[in-house]
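Chemist: here's a sequence, model it:
(2 chains)
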There are 2 protein chains.
Amino acid sequence: MVTFLAGGTGTPKLLHGADDVFPAAETPVVANTGDDVEIAGHLVCPDLDTQLFADAGELDTETWWGIDGDSTATHDALLAFADTAGLDGGPRYLPPAAQTAGRDIARWRRFSGVAEFMLIGDRDRAVHLTRTGLLDEGHTLTEAIDALRDALGVDRRIFPMSDDPVATIVHTPDGPQHFQAWWVAHGGEPAVESVEFRGAASAEPTPEVLDALDDPVVVGPSNPVTSLGPMLAMDAFRDALARTPVVAVSPFVGDRVFSGPAGKLMIATGREPSTAGVAATYEFADAFVLDEADATELDRPVVRTDTTLDSAADSERVARAAADALAEVT
Amino acid sequence: MVTFLAGGTGTPKLLHGADDVFPAAETPVVANTGDDVEIAGHLVCPDLDTQLFADAGELDTETWWGIDGDSTATHDALLAFADTAGLDGGPRYLPPAAQTAGRDIARWRRFSGVAEFMLIGDRDRAVHLTRTGLLDEGHTLTEAIDALRDALGVDRRIFPMSDDPVATIVHTPDGPQHFQAWWVAHGGEPAVESVEFRGAASAEPTPEVLDALDDPVVVGPSNPVTSLGPMLAMDAFRDALARTPVVAVSPFVGDRVFSGPAGKLMIATGREPSTAGVAATYEFADAFVLDEADATELDRPVVRTDTTLDSAADSERVARAAADALAEVT
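Modeler: From the prediction side, this is the model:
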């Protein structure tokens, strides 16, 4: 068994077509929950859901989020109602007292449903409502995701990194905001001064996660700061990674990033926005998969391949490189 | 100005086509909130919404609830997910601790979103989410309904009876359950032993409601127990009715009820299931509108007409009878 760590689209893309190398039923995924938000009263878990939908064969693989062909009747009406009633759009972050009221897991990331700032499809919404219902009934997030695997017919075991709240907050010259507000609503503006994983100091990885981390681990080509950062902010998670063989796929080619805000966030947190910076951040990684055009010299074993992930054939090729790298360190 | 009290479908039906007698912009409605529920994390207010949708021209007037022609993508997916995952349907009332956690207004009526037991359409859901968002932002229910009037283009002022939580709980041999679970999910079974308006002792009508009750009042042909009962359970509401002229339209023709669970609930609460029982319950009513086939003798002025409400012409006729009855006591 090999366990993958996932945040954003890197790992779902890497596994989407890699079943011959890493069979889904034997390859659990541990997903970041730092960029989860509660919006309109339901808990939205982007990183968990992208993996769930990918394995269910329902993912929109144009955008790599949401459900393919989903309708948006409720979302459209939310925007129209707000517009007609003169209610401002944009992320409507709830007042401070509300941030720690209600569901514990939604702490520090609660947004109003008025003019819903993330596009949530109608079937997608039923996923969030089922998850939130199970949480309200007293189940853990781990249990809720397990029920959603059943609901969606997913073989792969998919685990939230923790059942405790951890919220990724970016601090900017305009004040703090939740990562999703900064990234989805504000397009990665303004500049980031620092990144906080609120709650991480008292959060714990679940027993299921610690068990999965006893096996060798592959870190997909994710953003080291906001995709992996929330996991690494938990001491027990970092300790578990230190004890097991780990291969990381760089999200950079040298100092060029494939997509997303990784470069900007690496700089904001005092890191070099490059493969070298990733390697310095992942001190627990025992080997790396780098792009064949990436000339970075590292102090650990490296397997090079074309790390583009645009097709199932790409996924299988990069997955084989990860398996080769693992073979060097296990 | 004349103020109407509404619960269930009686008053919306009575006003739907009665604009020549009671112009919408000059005829506020005070609606029951005892049968509101929080389901799937959003506050659903059936009596307020039926009036809102009727005045917006969006009401499904076959069923007299929900939005005409609404799609049900999220609801359908909620049922399918629960079925596939082996999660029981039916009302999933949250555990006791959850009933008093979260939003104050949702106390004692919180249901899981799993296998959502009420049919909520996709556009309808956006109404609930906008309302709940405004509540989470710190607005009162009164303010939230006012914003929804703007969103839906409704001239009529529509007021919740209170901004405090009042939950209609029916006690049965199988234990207590919220009115909506008993009525919508269990079809009015099992037998009712008593009806409780939880929270009413510490709930207050809003200033807007007390102001509206300074004008003459018409009580539509609603269920006296669960539609009017929550209002009457507030002392200040009952006192206000005692001070102003009130006309009540009987929901019975003698001892025959038009629709709904009124008869059963009247018996369960020790009342006669008839116009005479309604008159005894409404000791604050100064005059009545009865069906022309209703031979009940009352100790207060009576105007008789055909009280059937199946068309706009019916509504106008019954509204004129209510205006005539008011004229006798003002």
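Chemist: for the lowest-mean-pLDDT helix or strand in chain A, which outside residues touch it?
Modeler: Every helix and strand of chain A was ranked by mean pLDDT, DSSP states H and E. The lowest is strand A:256-257, at a mean of 87. Residues from elsewhere that reach strand A:256-257 (CB atoms under 8 Å, 6 or more residues apart in numbering or on different chains): A:251, A:263, A:273. To be clear about C-beta, it is placed using only N, CA and C from the backbone, and glycine gets the same treatment.
Chemist: would you mark the buried spots in the helix or strand following that strand?
Modeler: Downstream of strand A:256-257, the first helix or strand assigned by DSSP states H and E is helix A:262-268. Across helix A:262-268, burial judged by 16 or more other CB atoms under 10 Å in any protein chain shown covers A:262, A:263, A:264, A:265, A:266, A:268.
Chemist: quick one: mean pLDDT for the next helix-or-strand element following helix A:262-268?
Modeler: The element immediately downstream of helix A:262-268 (helix or strand, assigned by DSSP H and E) is helix A:275-281. Averaged over helix A:275-281, pLDDT sits at 97.
Chemist: one more: stretch A:33-51?
Modeler: On average, stretch A:33-51 scores 96.
Chemist: and if you look at stretch A:14-29?
Modeler: Stretch A:14-29 comes out at a mean pLDDT of 97.
Chemist: could you list the alpha-carbon positions for that stretch in CSV?
Modeler: Output of stretch A:14-29 as CSV, limited to C-alpha atoms (Å, rounded to 0.1, in the frame of the first residue of the first chain):
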residue,chain,number,x,y,z
LEU,A,14,-1.8,12.3,-10.8
LEU,A,15,-4.0,9.4,-9.8
HIS,A,16,-6.6,9.9,-12.6
GLY,A,17,-5.4,7.3,-15.0
ALA,A,18,-2.7,5.7,-12.8
ASP,A,19,-4.7,2.7,-11.6
ASP,A,20,-2.3,0.2,-13.2
VAL,A,21,0.5,1.6,-11.1
PHE,A,22,-1.4,2.5,-7.9
PRO,A,23,-4.8,0.6,-7.9
ALA,A,24,-7.5,2.8,-6.3
ALA,A,25,-8.6,0.2,-3.8
GLU,A,26,-5.1,-0.1,-2.4
THR,A,27,-4.1,3.5,-2.6
PRO,A,28,-5.6,5.7,0.1
VAL,A,29,-5.6,9.5,-0.1
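Chemist: residue numbers of the stretch 101-250 of chain A in contact with chain B?
Modeler: Residues of the stretch 101-250 of chain A lying close to chain B (CB under 8 Å from any CB of the partner chain) are A:101-103, A:110, A:112-114, A:116, A:122-123, A:125-127, A:129-130, A:132-134, A:136-138, A:147-148, A:150-153.
Chemist: which positions in the longest helix along chain A come out as buried?
Modeler: The residue-count maximum for a helix in chain A (DSSP state H) belongs to helix A:312-329. For helix A:312-329, the neighbour count (16+ other CB under 10 Å) marks A:314-326 as buried.
Chemist: what does that helix contact?
Modeler: With CB under 8 Å, 6+ apart, helix A:312-329 has contacts from A:2, A:13-18, A:20-22, A:216, A:218, A:245-247, A:249, A:286-289, A:301-309.
Chemist: pull the contacting residues for the residue nearest the centre of chain A.
Modeler: For chain A, residue A:7 is the residue whose C-alpha lies nearest the centre (CA atoms, centre = their mean; 2.3 Å). By CB under 8 Å, 6+ apart, the contact set of residue A:7 is A:31-32, A:34-35, A:47, A:220, A:222-223, A:226-228, A:230-231.
Chemist: ok, and the closest non-adjacent residue to residue A:65?
Modeler: Spatial nearest neighbour of residue A:65, excluding adjacent residues (CB to CB, 6 or more residues apart in numbering or on different chains): residue A:50 at 5.7 Å.
Chemist: confirm for me that the one you found is in contact with residue A:9.
Modeler: Yes. Counting by CB atoms under 8 Å, residue A:50 touches residue A:9, with 6.4 Å between them.
Chemist: more neighbours: which of the two?
Modeler: Neighbours per residue (other CB atoms under 10 Å in any protein chain shown) separate residue A:50 from residue A:9, with residue A:9 holding more: 28 against 24.
Chemist: how much space separates the closest residue to that one other than its chain neighbours from chain B?
Modeler: Sequence neighbours aside, residue A:64 is the residue nearest to residue A:9 in space, at 4.2 Å (criterion: CB to CB, 6+ apart). Look at residue A:64 and chain B: by CB to the nearest CB, to the nearest Å, they are 21 Å apart.
Chemist: A helix includes residue A:64, no?
Modeler: No. Using DSSP: H, G, I helix; E, B strand; the rest coil, the assignment for residue A:64 is coil, not a helix.
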